[in-house]
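Colleague: how would this look folded up:
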Amino acid sequence: MRRILVTGGLGQIGSELVPYLRDKYGYENVIVADIREPGEDVGPFVKLDVRREEDIIKVIRENDIDTIYHLAAILSARGEQNPQLAFDVNIRGLYAILEAGRKTGVERIMVPSSIAAFGPETPKNNTPNDTILKPRTMYGISKVTGELLGLYYWEKYGLDVRGVRYPGIISWKAPPGGGTTDYAVEMFYYALKGEKYTCFLREDAVLPMMYMPDAIKAITMLAEAPSENLIHRTDFNIQAMSFSPRELEEEIKKYVDFEVEYRPDYRQKIADSWPRSLDDSAARREWGWKPDYDLQAMVKDMIENLRRKLGV
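Modeller: Okay, here's the model as predicted:
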């Protein structure tokens, strides 16, 4: 039975990954770690700054941890507002996690990467898994660094580090955390509240996206994949759907009257450096990846669940 630590466990992905892991491995076997105090009872919890290696080692040893899902990070848009903090948390924090894992004999560390690892020179359509990585944001730089560090620790120390490159993630359960694709969640809330939405990206800004159930499915599938099947390790493209803000708006309008104004801000420049779609054939071939949700299925499920959540 695994003993799992989820850093950044109160964030958008963590808040849904943790219940999934607890259902699979046992409630007491999954420890939430975050620098914030939880607003409610979240089960086994430790307050943890991932930049403090000695604290990480203490948590690992006291809780007999063998697997870490390292989700703690400063995301793209927030990272451009404070790049120094993004460097500190995303790069120094990851280094501390890897060193703590190496020193304590942790079996596996899952470190999600992102489409932010790509840059303006990367092919935009059906972006290859192995391609040029020259991001222009601190978040993207930290993700490339994370991919390379993870591979280094695997080859140098045998520390089993794995990761998927997440696209924008959409969820009805948890709020977004400061990313460039946050509009895709915000749009639903404004629509169901009957309010006009001002979108910070252009209406034609196509980006890869993924519904949260598929995001959870992907990282847990990769975590359990036989090591001998993996040619890649820390840098798997995963694709579910690609759409523009206008396409999402039109799909939402099938369920509710809705008005959107497009007023791009600094986040548009970030989006312009990212792919429109991804070639995820390596993930499909090496560990059987296949998404369950496309745009239409995602919007239908989001609308149904948010209506219940918001009571509208």
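
Colleague: mind listing the strands for the chain?
Modeller: Remark: strands assigned in the chain by DSSP state E are 4-7, 30-34, 45-47, 67-70, 108-110, 113-114, 160-162, 164-166, 168-170, 197-199, 207-211, 236-237, 241-243, 260-262.

Colleague: Switch those strands over to TSV; also include mean neighbour count and mean pLDDT.
Modeller: From N, CA and C alone the C-beta is placed, and that goes for glycine too. Output for the strands of the chain, formatted as TSV (neighbours: other CB atoms under 10 Å; pLDDT from 0 to 100):
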stretch	mean neighbour count	mean pLDDT
strand 4-7	27	98
strand 30-34	25	98
strand 45-47	15	98
strand 67-70	25	98
strand 108-110	23	98
strand 113-114	25	96
strand 160-162	23	98
strand 164-166	26	98
strand 168-170	27	94
strand 197-199	19	97
strand 207-211	24	97
strand 236-237	28	98
strand 241-243	21	98
strand 260-262	16	97
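
Colleague: Now these in a markdown table, please, with extra columns for distance to Leu21.
Modeller: As requested, those are exported to a markdown table (distance: least, CB to CB, whole Å):
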| stretch | distance to Leu21 |
| --- | --- |
| strand 4-7 | 6 |
| strand 30-34 | 5 |
| strand 45-47 | 14 |
| strand 67-70 | 8 |
| strand 108-110 | 11 |
| strand 113-114 | 20 |
| strand 160-162 | 15 |
| strand 164-166 | 16 |
| strand 168-170 | 17 |
| strand 197-199 | 34 |
| strand 207-211 | 18 |
| strand 236-237 | 19 |
| strand 241-243 | 25 |
| strand 260-262 | 36 |
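
Colleague: Between these, which one is closest to Gln81.
Modeller: Taking CB to CB, strand 113-114 is the member of the strands of the chain nearest to Gln81, at 17.3 Å.

Colleague: Could you measure from the closest residue to Ala72 other than its chain neighbours over to Leu133?
Modeller: Counting by CB to CB, 6 or more residues apart in numbering, Ala72 lies nearest to Gly8, which is 3.4 Å off, once chain neighbours are set aside. Distance, Gly8 to Leu133, by CB to CB, to the nearest Å: 23 Å.

Colleague: Contact partners for the nearest residue to Met210 once chain neighbours are set aside?
Modeller: Nearest in space to Met210, with sequence neighbours left out and distances taken as CB to CB, 6+ apart, is Ala240 at 4.2 Å. Taking CB atoms under 8 Å, 6 or more residues apart in numbering, we find Ala240 in contact with 167, 208-211, 214, 291, 293-294.
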